[in-house]
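A.B. asks: Could you work out the structure for the sequence below:
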Amino acid sequence: MLPVPIYDGSVKDVLPDANLELVKGIKHYIVENVRTARRCLKRMVPSIEISTLQFYELNSHTRPEEITGFLEPLRNGEPVGLMSEAGCPGVADPGASVVRMAQAEGLNVVPMVGPSSILLSLMASGLNGQCFAFNGYIPVENDKRDKTLRELEIRSRKNGETEIFIETPYRNAKMMESLLKVLNGETLLCVASNITAPDEKIITRKVKDWRNKGFDLSKVPTIFLFNSGI
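C.D. replies: Got it, this is the predicted structure:
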């Protein structure tokens, strides 16, 4: 399981040498998108011969009956690399389905060290890292989004749980508007944008303070976190 850089900077800033050495010996890859995977591998190991590699696409268009065939090289003793589009495979990523199949067959699954925007934002937020939940994408319809945020805030207040979720960058502004409208003024809200990039910003404030400050999310990849129980 090979993590992928979140930002298009130097891979050596976020990936250990052990990962890059491992890539040199893998000929089979399970990926979300072949084009971006090829580009990423070339960044990891510039000398790699892409034409010698075999790729299997695992995304929303992949039929369940196809997935078992992706593991055939592994069954035959050859290593298979699982890559996400960004961050860690298997976390907010369709790769979990093939990992589950490998585990069921008793095949060896090895997670490698690498960046996760979810954990990096939690680490820097100052919010509760003992009890947290990643909620993926929440509804985009205004009423459903507001209802979900209210429910998450109740759960956070009751359990002290940090609620974490993501949004498509072009909807960041709408999400922020909903958060500032729905959440209690005392709730701590962290906005983490462009994680690992030179212009990374991870800021935690009370909601009432966010309401009094200007902000520009600039349609960049962003993680939202809040906690009402601190």
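A.B. asks: residues of the worst-scoring helix or strand of the chain on mean pLDDT that come out buried?
C.D. replies: Lowest mean confidence among the helices and strands of the chain (mean pLDDT, DSSP states H and E): helix 64-70, at a mean of 92. Judged by neighbour count (16 or more other Cβ atoms under 10 Å), helix 64-70 contains these buried residues: Ile67, Phe70. All C-beta spots, glycine's among them, are computed from the backbone N, C-alpha and C.
A.B. asks: after that helix, next one along is what?
C.D. replies: Going down the chain from helix 64-70, the next helix or strand is helix 72-75, by DSSP states H and E.
A.B. asks: got the contact list for that next one?
C.D. replies: Here helix 72-75 makes contact (Cβ atoms under 8 Å, 6 or more residues apart in numbering) with Lys27, His28, Gln54, Pro79, Val80, Ala102, Glu105, Leu107.
A.B. asks: model confidence over whatever helix or strand comes next after that helix, on average?
C.D. replies: Scanning forward in sequence from helix 72-75 by DSSP H and E, the next helix or strand is strand 80-82. For strand 80-82, the mean pLDDT works out to 98.
A.B. asks: what number of residues lie near the nearest residue to Tyr7 once chain neighbours are set aside?
C.D. replies: Excluding the flanking residues, the one nearest Tyr7 by Cβ to Cβ, 6 or more residues apart in numbering is Ala197, at 4.1 Å. By other Cβ atoms under 10 Å, 15 other residues sit near Ala197.
A.B. asks: And for Arg63?
C.D. replies: Counted with other Cβ under 10 Å, Arg63 comes out at 6.
A.B. asks: Quickly note the distance from Gly136 to Ala92.
C.D. replies: 6 Å (Cβ to Cβ, to the nearest Å).
A.B. asks: list residues touching both of the two?
C.D. replies: Ile166.
A.B. asks: which strands and helices sit next to the least confident helix or strand of the chain?
C.D. replies: Helices and strands touching helix 64-70, by 3 or more Cβ pairs under 8 Å, 6 or more residues apart in numbering; DSSP states H and E, are strand 54-57, helix 96-104.
A.B. asks: Partner strands of the first one and their direction?
C.D. replies: The sheet places strand 54-57 alongside strand 28-31 (parallel), with pairing taken from DSSP bridges.
A.B. asks: so who does Asp93 touch?
C.D. replies: Neighbouring residues of Asp93 by Cβ under 8 Å, 6+ apart: Glu32, Ser84, Glu85, Gly87.
A.B. asks: how far is the lengthiest helix in the chain from where the chain is centred?
C.D. replies: The longest helix of the chain (DSSP state H) is helix 142-159. With Cα atoms, centre = their mean, to the nearest Å as the basis, helix 142-159 stands 22 Å off its chain's centre.
A.B. asks: Name whatever forms a beta bridge with the closest residue to Asn128 other than its chain neighbours.
C.D. replies: In space, and not counting its chain neighbours, Asn128 is closest to Thr162: 4.6 Å by Cβ to Cβ, 6+ apart. Beta-bridge pairing for Thr162 (DSSP bridges): Phe132.
A.B. asks: Now that Thr162 has come up, it's in contact with Gly129, right?
C.D. replies: Yes: here Thr162 reaches Gly129: they are 7.1 Å apart, a contact under Cβ atoms under 8 Å.
A.B. asks: Looking at the closest residue to Pro64 other than its chain neighbours now. What's its pLDDT?
C.D. replies: Distances taken as Cβ to Cβ, 6+ apart put Ser97 closest to Pro64, at 7.9 Å, once the chain neighbours are dropped. You'll see Ser97 listed with a pLDDT of 92.
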